[in-house]
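> any chance you can model this:
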Amino acid sequence: MREALDQWHFVAAAYAVGIIGTLGMVGWSWISMRRAEKRREKARRK
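Numbers count the residues shown, from 1 in each chain. Sure thing, here's the model as predicted:
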């Protein structure tokens with residue numbers, strides 16, 4: 001008998017990596033946007 005690898009573990013892992021990566025990029029972009037907005041407001045006040 002030969003054991004086959006269960007492909008669904010790899011599919012689930014690929015989805016998890018994709019979702020976590022997307023959420024990470026959204027968070028990073030949001031933080032960068034907030035910093036840029038603060039710098040813009042600081043420059044306008046001068």
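
> does Glu3 count as helix, strand or coil?
coil (DSSP: H, G, I helix; E, B strand; the rest coil).

> any idea how far it is from Ala43?
According to C-beta to C-beta, to the nearest Å, Glu3 and Ala43 sit 63 Å apart. Placement of C-beta: from N, CA and C, glycine included.

> so between those two, which is more surrounded?
Neighbour comparison, Glu3 and Ala43: the larger count goes to Ala43, with 8 against 5 (by other C-beta atoms under 10 Å).

> which element, helix or strand, includes that one?
Assigned by DSSP states H and E, Ala43 belongs to helix 7-45.

> any idea which residue sits dead centre in the protein?
The centroid of the chain falls nearest to Gly24 when counting by C-alpha atoms, centre = their mean (2.2 Å).

> now for Glu41, how many residues are close by?
Glu41 - counted by other C-beta under 10 Å - has 9 other residues nearby.

> returning to that earlier point: dump the residue contacts of the residue nearest to the centre of the chain.
Listed by C-beta atoms under 8 Å, 6 or more residues apart in numbering, Gly24 has no contact partners.
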